[in-house]
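Student: give the three-dimensional model of this entry:
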Amino acid sequence: YDSKCVFCRIARREEPGTALLPCEYEDLVCFRDIRPDAPHHYLVVPVEHMQNCKTLKTEHIPIVKRMMEVGKAVLQRNNFTDFNDVRMGFHWPPFCSISHLHLHVLAPASQLGFFSRLLYRINSYWFIT
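Tutor: Below you'll find the predicted structure:
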């Protein structure tokens, strides 16, 4: 836990302005992005402070898979089912605004604006899916 990390505080329900969405796993939280780039833009965050996607190792594969499951589930709960029009991924350091692992879940990807298409470009130098 890092008290200076906003995602750590959100995960511990210490940020009353951030509503947590239903999540199947106790080690993850999900909430809306404060600056959405798509009609559906959610962040899935581990409760445990993890630096970023660059620090992930093979033993982290299960948590990343669960993060993606949570992303799909929140979209389904919000009546979005076209998973061919979804963008999920991580910003690669140093292109992370917050140094706590977080999965971006964006839908419909076809409605991303010009700048957002660049920011969340599939497997670019700064965003990995």
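
Student: was I right about residue 82 contacting residue 108?
Tutor: Yes. Counting by C-beta atoms under 8 Å, residue 82 touches residue 108, with 6.7 Å between them. In this view, the C-beta of every residue, glycine as well, is placed from N, C-alpha and C.

Student: what's near enough to touch residue 56?
Tutor: 50, 64, 101 (C-beta atoms under 8 Å, 6 or more residues apart in numbering).

Student: let's see that with 10 Å instead.
Tutor: If you count contacts by C-beta atoms under 10 Å, 6 or more residues apart in numbering, residue 56 has them with 50, 63-64, 90, 101.

Student: could you do residue 111 as well?
Tutor: By C-beta under 10 Å, 6+ apart, residue 111 lies in contact with 37-40, 85.

Student: kindly report the same for residue 42.
Tutor: For residue 42, the contact set (C-beta under 10 Å, 6+ apart) comprises 21, 30-33, 36, 70-71, 74-75, 78, 88, 102-107.

Student: phi, psi for the nearest residue to residue 83 once chain neighbours are set aside please.
Tutor: Nearest residue to residue 83, sequence neighbours excluded (C-beta to C-beta, 6 or more residues apart in numbering): residue 72, at 6.8 Å. Backbone dihedrals for residue 72, given as degrees, to the nearest 10, come out at phi -70, psi -40.
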